[in-house]
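Asks: Sequence and predicted structure below; questions after.
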Amino acid sequence: MNLKISNICCIGAGYVGGPTMAVVAKNCPNLTIEVVDLSKKKINDWNNIDISKIPVFEPGLAEIIKEVRGKNLFFSDKIQESIEKADIIFISVNTPTKQKGVGAGKASDLKYIENCARTVARYSKGHTIVVEKSTIPVRTAEVIKKILESNNAIDNEDKKTFSILSNPEFLAEGSAINDLQNPDRILIGGEENEAKETLAKIYSQWVEPNKIIFTNLWSSELSKLTANAFLAQRISSINSISAVCEITGANIDEVAKAVGTDNRIGNKFLKTGPGFGGSCFKKDLLNLIYLCEHFGLEKVAEYWESVLKINDWQKERIRKLMVEKLFGSITNKKIAVLGFSFKANTNDTRESPSIEIVRSLLEEGANIYINDPKVSEKKITQDLYFEFIKEVDDLNKYFINEGSNYWTYSKDLEIVFKNCDAILILTEWEEYKKIDWGKTYKLMRKPAWVFDTRGVINQEDISKTNFNTWIVGKSILEN
Ligand code: NAD
Ligand code: UDX
């Protein structure tokens, strides 16, 4: 078995594939890496000479792409050719929640993974290490293995062999480059030591050896789901306590600090907010819940389901509170929404709490003005109305047929604030921390409200104005 590695192929040029391979390329100049995708548009965008147009916004990413693109990192739509020459193939495609059929609404849709396995079975040559980078249900490696081996049996002339490894990705968006460059751990699950060592050798070019953890395949797959479930659980825990703080006069920041200084608990991931978003937490929790139900572990499934219930409840209580404070009706009232991405420092809006909250405010008849430093008007339109329509052409058709929308996008905060009744902060972008509240108050209709779901406003500054304020996890101030 020859496990010498020179060529890497990564299938999937998304939020994981692009940044991860950029960091591998930077640290391993001796390797040639191709990132391939079915979407020609995405590949063209990754190859755009104007670096600000690459499809993923991540602090530090553009600089690395500039350094390695065209040297040892390539973005290509020639999937077959890339697989043919690869010694290692990372599968980094999306694994969304299934929308139809058995397990709909909970189970992972593995069609993209299955497609990849079939394509790899068809075009790979010699021995190939196949790495699951995507987050997947436990025992998916078995599916991949079966597809690879059964297709190989047909094609006996050119005998191919495979090693299958699980190497889940733990990066968080907005800090992906730092997370990839300085990971807490690298997890490698598999049955063949030689393949595991080969993958570890790549990471060891920049990661300390004691951070590389080896497990069996199933532990690795389950660890990823469990890590996300634990993180999501912490957010639901702190969000549930934020509501208790608001009623009792306790302050969530003080409680989080007091609790988090206990070494056993730790101080990270204790920031209350509008509920967790992002493409992973909900999907991976649903995946875990489905797995538990499948194995008859109803009580375990219910336990993890409660994490999702609190997350929905947090969004719902914010909407109800706004309506109540704005005299029971927000029909025709102008509301400024600050932030649409699911967290700061990313242009990703998948499962963003903003989507549901804005939709519910629109349903109540509010006139919404939205600002976000990185999310485009087109993306917001797709998220609010047409999750299933991806092309601008289709959107244009919709607007011609159905009339115009009743929300407005603006990059100019003065336009957003002018004559508005309430400001709702949904993402913790730096620019929102610097708002001049005295000046803003003058622009607004009175009584003026700020609803801060991220706890970012400068309380000292705002207390000098006549704003009414609700800050998550803190007492309401009404003038
Ligand atoms: P993404 O949607 O941004 O990218 C996936 C890409 O795969 C898409 O561009 C799609 O066109 C491409 N693709 C799908 N099927 C293909 C095929 N057969 N051949 C070639 N290309 C194909 O998804 P993502 O956010 O990068 O997530 C990828 C995986 O990593 C998921 O399983 C996710 O759960 C996991 N993950 C994501 C994050 C994150 O922060 N986004 C972090 C850790 C793990
Ligand atoms: C998450 C995991 O952190 C990462 O390890 C995994 O690989 C992918 O899923 P991501 O979703 O990109 O990463 O971002 P994360 O920082 O975890 O935030 C997820 C959501 O939780 C965001 O909406 C964020 O605003 C929210 N959050 C996070 C809080 O409300 N409070 C916190 O203290 C932390």
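Replies: Cool, got the structure. Ligands and ions are numbered 1, 2, ... in the order given.

Asks: Wasn't T469 part of a strand?
Replies: Yes - using DSSP: H, G, I helix; E, B strand; the rest coil, the assignment for T469 is a strand.

Asks: So what pairs up with it in the strands?
Replies: V450, L477 (DSSP bridges).

Asks: ok, now T32?
Replies: Applying DSSP bridges, one finds that T32 bridges with N7.

Asks: neighbours of it, just the number please.
Replies: Neighbours of T32 under the rule other C-beta atoms under 10 Å: 18. For every residue, glycine as well, the C-beta is placed using N, CA and C.

Asks: and what of S39?
Replies: S39 has 15 nearby residues by other C-beta under 10 Å.

Asks: Repeat that for F342.
Replies: 27.

Asks: could you list every residue that touches it?
Replies: Contact analysis of F342 by C-beta atoms under 8 Å, 6 or more residues apart in numbering lists E173, F276, G277, G278, D348, T349, R350, E351, S352, P353, S354, T427.

Asks: And the fourth one, how far from K464?
Replies: In this case it means G278. Remark: distance between G278 and K464 (C-beta to C-beta, to the nearest Å) = 35 Å.

Asks: which stretches of the stretch 201-350 of the chain form helices?
Replies: Taking DSSP state H, counting those that start in this stretch to define them, one finds helices in the stretch 201-350 of the chain at 217-248, 252-260, 281-294, 298-325.

Asks: mind listing what's buried in stretch 221-232?
Replies: Within stretch 221-232, the residues that qualify as buried are E221, L222, S223, K224, L225, A227, N228, A229, L231, A232, counting by 16 or more other C-beta atoms under 10 Å.

Asks: Leaving out sequence neighbours, find the closest residue to the third one.
Replies: Pointing back at S223 there. Leaving aside its chain neighbours, S223 sits nearest to L187 (6.1 Å; criterion: C-beta to C-beta, 6 or more residues apart in numbering).

Asks: Report the secondary structure element holding the one you found.
Replies: According to DSSP states H and E, L187 maps onto strand 186-190.

Asks: The closest residue to ligand 2 within the stretch 1-150 of the chain: neighbour count?
Replies: Going by C-beta to the nearest ligand atom, ligand 2 is nearest to T135 of the stretch 1-150 of the chain, at 7.5 Å. By other C-beta under 10 Å, the residues close to T135 number 23.

Asks: tell me which parts of the stretch 301-450 of the chain are close to ligand 2?
Replies: Counting by C-beta under 6 Å from any ligand atom, the residues of the stretch 301-450 of the chain close to ligand 2 are F342, K343.

Asks: ok, now which ones touch the residue nearest to S223?
Replies: Contacts of L187 (C-beta under 8 Å, 6+ apart): S166, N167, P168, F170, I213, T215, S220, S223, K224.

Asks: Among those residues, which pair sits farthest apart?
Replies: Greatest spacing in the contacts of L187, by C-beta to C-beta: F170 and T215 (14.0 Å).

Asks: Return the set of buried residues in whichever strand or helix holds K378.
Replies: Using DSSP H and E, K378 sits in helix 377-385. Neighbour counts over helix 377-385 (16+ other C-beta under 10 Å) mark E377, K379, I380, T381, Q382, D383, L384, Y385 as buried.

Asks: Distance to ligand 1 and pLDDT added to those, as TSV?
Replies: Formatted as TSV, the buried residues of helix 377-385 follow (distance: C-beta to the nearest ligand atom, whole Å; pLDDT from 0 to 100):
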residue	distance to ligand 1	pLDDT
E377	21	92
K379	13	92
I380	18	93
T381	19	89
Q382	14	88
D383	14	91
L384	19	89
Y385	20	80
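
Asks: quick one: which of those is nearest N178?
Replies: In terms of C-beta to C-beta, no member of the buried residues of helix 377-385 lies closer to N178 than K379, at 24.8 Å.

Asks: right, and that closest one touches T346 too?
Replies: No - counting by C-beta atoms under 8 Å, T346 is not a contact partner of K379; they are 11.9 Å apart.

Asks: Show me where the stretch 201-350 of the chain dips below the pLDDT cut-off.
Replies: Along the stretch 201-350 of the chain, the model assigns pLDDT under 70 to no residue.

Asks: Show me what from it comes close to ligand 1.
Replies: S279, C280.

Asks: And N210, how far from K196?
Replies: Using C-beta to C-beta, N210 is found at 16 Å from K196.

Asks: between the two, which one's more packed in?
Replies: Legend: neighbour count by other C-beta under 10 Å for N210 and K196, higher for K196 (20 against 7).

Asks: tell me the contacts of that one?
Replies: Neighbours of K196 in contact, by C-beta under 8 Å, 6+ apart: L165, I188, G190, F214.

Asks: Can you give me the neighbour number for the closest residue to the third one other than its chain neighbours?
Replies: By the measure of C-beta to C-beta, 6+ apart, the closest residue to G190 outside its immediate chain neighbours is L165, 4.1 Å from it. By the other C-beta under 10 Å criterion, the neighbourhood of L165 contains 24 residues.

Asks: Ok, Y112 next?
Replies: Other residues close to Y112 by other C-beta under 10 Å number 18.

Asks: That one: which element?
Replies: Y112 belongs to helix 111-123, assigned by DSSP H and E.

Asks: and that helix, average pLDDT?
Replies: Averaging pLDDT along helix 111-123 gives 96.

Asks: Give the other helices and strands that the helix or strand harbouring V131 contacts.
Replies: Per DSSP H and E: V131 is located in strand 127-132. If you count contacts as 3 or more C-beta pairs under 8 Å, 6 or more residues apart in numbering; DSSP states H and E, strand 127-132 packs onto strand 88-91, helix 111-123, helix 140-154, strand 161-166, helix 193-203.

Asks: That one pairs with which strands, parallel or anti?
Replies: According to DSSP bridges, strand 127-132 forms sheet pairs with strand 88-91 (parallel), strand 161-166 (parallel).
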